[in-house]
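**Q** I need the structure of the sequence given here:
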Amino acid sequence: MDKLRPSMDEDLIKALKMIAPGTLLRESIENIVRSRHGALLVFAEEEQIAPLLSGGIKIDIDLKPMILYEVAKMDGAIILDPTGARIMHANVQLMPDSRIESQETGTRHRTAERVAKQLGVLAISISAARDVVSVYAGGIRYVMDPLRVVLSKADQALLTLERFKNRLNQVAATLTALEFREAVILSDVTSVIQRSEMVLALSYLIERYVIELGTEGRLVQMQMEELLANVREDMTAVLNDYLIDPTPKRVETAVVELAALPTDELISMERIAGILGYPPAPNMLETHVRPRGCRMLRKIPRLSGQAVRNVMEHFGDLQGILEAPVDELAAVEMVGPSRARDIKEGLDRLRDLDLLERYG
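**A** Have a look, this model is predicted:
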């Protein structure tokens, strides 16, 4: 099954950043698209591309959009250095290994794909007739969408992300209420983790759009970052509260395993419970569980991570922390009288807020 999180090869990410709006390369590509001349751009070291070159003109000058536009009027390929900062050759014929498989039908696109696969470099083919810009990064082919299309997709994804985040806030608020009432069952926990992963998965898709948008994607990125505030941290706190064995290594492993879940497994609460360390059993999701207090303690201002861990280890669970007198909290290492009062007052406020929301 497909994974919920879209994966992107590092070479492709690097390529999209190189040709994002606001860069000289993007300006050059747009000039060529508008002219309908077409072009084949290959980004490689001189010695790397030399065995495939035939003819052409050696230039070796800094990239300037108008120069690239002019040399693209010639029929041959254009060779740039790997960073795209310099134009090395123009009007060259490329002779990649014809045995390399290619699904492309056009000569320019087929050559670009074979060169990219043979040398493991970036190649860009710009169609003369169809305004199609194809990016080949090693064995990956990626067709660039027009800027307006990417912006539209990003806006739609942001609206969906907002809906996902609202639902996450709802299930997280429910978990908070149940924690104070000592009424948490395993399905309450897995619901929060599931919704957190759905929010994070969608954010990875939006990050790809931000890369493609370049300077045009700043507003999209700001909106995404606002919606993602504390999502990762809160999910890690939930794992610290409910993992069977919440060592730092186990928490890190659980984060990786959750991120790798295919779509059909992420919707399975039992699968998420298994990652938390709960063995399969009849009605396992009805199992009553007790929070250790990490998520609540994180809401207390000026309380360090180590102090949170010390309090959790000393009292064992959230109820023990809630019932602890101030002087016993103050005796915990790295807490002291001032922080102990902050913890007591902070947790009391959170409990009062929960009561107010439930009973008005």
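
**Q** check which helices and strands the helix or strand encompassing residue 156 sits against.
**A** Using DSSP states H and E, residue 156 falls within helix 147-180. Applying 3 or more C-beta pairs under 8 Å, 6 or more residues apart in numbering; DSSP states H and E, we find helix 147-180 packed against helix 186-213, helix 218-227, helix 231-242, helix 294-297, helix 336-359. All C-beta atoms are positioned from the backbone trio N, CA, C, and that covers glycine.

**Q** in it, what counts as buried?
**A** For helix 147-180, a neighbour-count test (16 or more other C-beta atoms under 10 Å) marks 147, 150-151, 153-154, 157-158, 161, 164-165, 168, 171-172, 175-180 as buried.

**Q** tell me the angle it makes with helix 336-359.
**A** Orientation check (axes from the mean of the first three to the mean of the last three C-alpha atoms, to 10 degrees): helix 147-180 against helix 336-359 gives 100 degrees.

**Q** mean confidence for helix 147-180?
**A** When pLDDT is averaged along helix 147-180, the result is 93.

**Q** just checking, residue 41 is part of a strand?
**A** Yes. Secondary structure of residue 41 (DSSP: H, G, I helix; E, B strand; the rest coil): part of a strand.

**Q** what's around it, how many residues?
**A** Per other C-beta atoms under 10 Å, the neighbour tally for residue 41 reads 25.

**Q** ok, residue 352 next?
**A** 11.

**Q** that one and residue 178, how far apart?
**A** Separation of residue 352 from residue 178 (C-beta to C-beta, to the nearest Å): 16 Å.

**Q** domain boundaries for this structure, per the record?
**A** Listed domain ranges for the chain are 10-144, 145-291, 292-360 (source: automatic domain parsing).

**Q** chain center to the longest one: distance?
**A** Between the mean C-alpha point of domain 145-291 and the mean C-alpha point of its chain there is a distance of 12 Å (C-alpha atoms, centre = their mean, to the nearest Å).

**Q** how about stretch 79-94?
**A** 32 Å.

**Q** quick one: contacts of it?
**A** For stretch 79-94, the external contacting residues (C-beta atoms under 8 Å, 6 or more residues apart in numbering) are 18-19, 24-25, 40-46, 49, 52-63, 67-68, 71, 74-78, 111, 115, 121-122.

**Q** for ChimeraX, write a command that selects the buried ones of these.
**A** A single ChimeraX command selects the buried members of the contacts of stretch 79-94 (16+ other C-beta under 10 Å):
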select :18,19,24,25,40,41,42,43,44,49,52,53,56,59,63,68,71,76,77,78,111,115,121,122
